[in-house]
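S.K.: please work out how this folds:
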Amino acid sequence: MEGRTGFEQPEELMIQTETVLRIVKEAIEGTIGHTQQYEESLVGKWINSITEICMKELTRLNKPFKFVVSCFVMRHTGAGLHLAASAYWDNAQDNMLLHKDENNRHLYCIACVYWTAL
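M.R.: Numbers count the residues shown, from 1 in each chain. Reported below is the predicted structural model:
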């Protein structure tokens, strides 16, 4: 364990970004897919479903982390969309993923997941 500070989690307790990305992609695809038309009356249901699925799958990993999941859905109209996220934390243990799903030509879906070690 050379190079560790003593506050870092052992490797088997860490969460890989690729795992979080897979969870987010599956939640988005399972909820809105690639061909769903934008329907304002359904957006609330979609974002709740995506965030709940992500949270369920993240906690199922049974890792010592707290999670924050957010989701943004917008009609694809050609308008500009700019989004940024920032955090101040322990770079050795905490992380975030910001994923913009670009597989649907009718809408944008962006999900952000933060995870911090307990």
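S.K.: list the buried residues of stretch 35-52.
M.R.: Across stretch 35-52, burial judged by 16 or more other Cβ atoms under 10 Å covers 38, 43, 46, 47, 49, 50, 51. Quick note: C-beta positions are derived from backbone N, CA and C, even for glycine.
S.K.: now do it, average pLDDT.
M.R.: Taken as a whole, stretch 35-52 has a mean pLDDT of 96.
S.K.: and for stretch 97-104?
M.R.: For stretch 97-104, mean pLDDT is 91.
S.K.: now the helices for this protein?
M.R.: 17-31, 40-60 (DSSP state H).
S.K.: just put these in JSON lines and tack on distance to residue 86.
M.R.: Shown next, in JSON lines, are these (distance: least, Cβ to Cβ, whole Å):
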{"stretch": "helix 17-31", "distance to residue 86": "17"}
{"stretch": "helix 40-60", "distance to residue 86": "20"}
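S.K.: so which of the ones you listed is nearest residue 118?
M.R.: Across these, the minimum distance to residue 118, taken as Cβ to Cβ, is reached by helix 40-60, at 12.4 Å.
S.K.: now for the closest one, which elements pack on it?
M.R.: Identification of packing neighbours for helix 40-60 by 3 or more Cβ pairs under 8 Å, 6 or more residues apart in numbering; DSSP states H and E yields helix 17-31, strand 65-75, strand 107-117.
S.K.: go through the buried residues of stretch 35-52 and say which is closest to residue 61.
M.R.: Nearest to residue 61 among the buried residues of stretch 35-52, counting by Cβ to Cβ, is residue 51 at 16.1 Å.
S.K.: I figured that closest one hits residue 71, correct?
M.R.: Yes - counting by Cβ atoms under 8 Å, residue 51 touches residue 71, with 5.1 Å between them.
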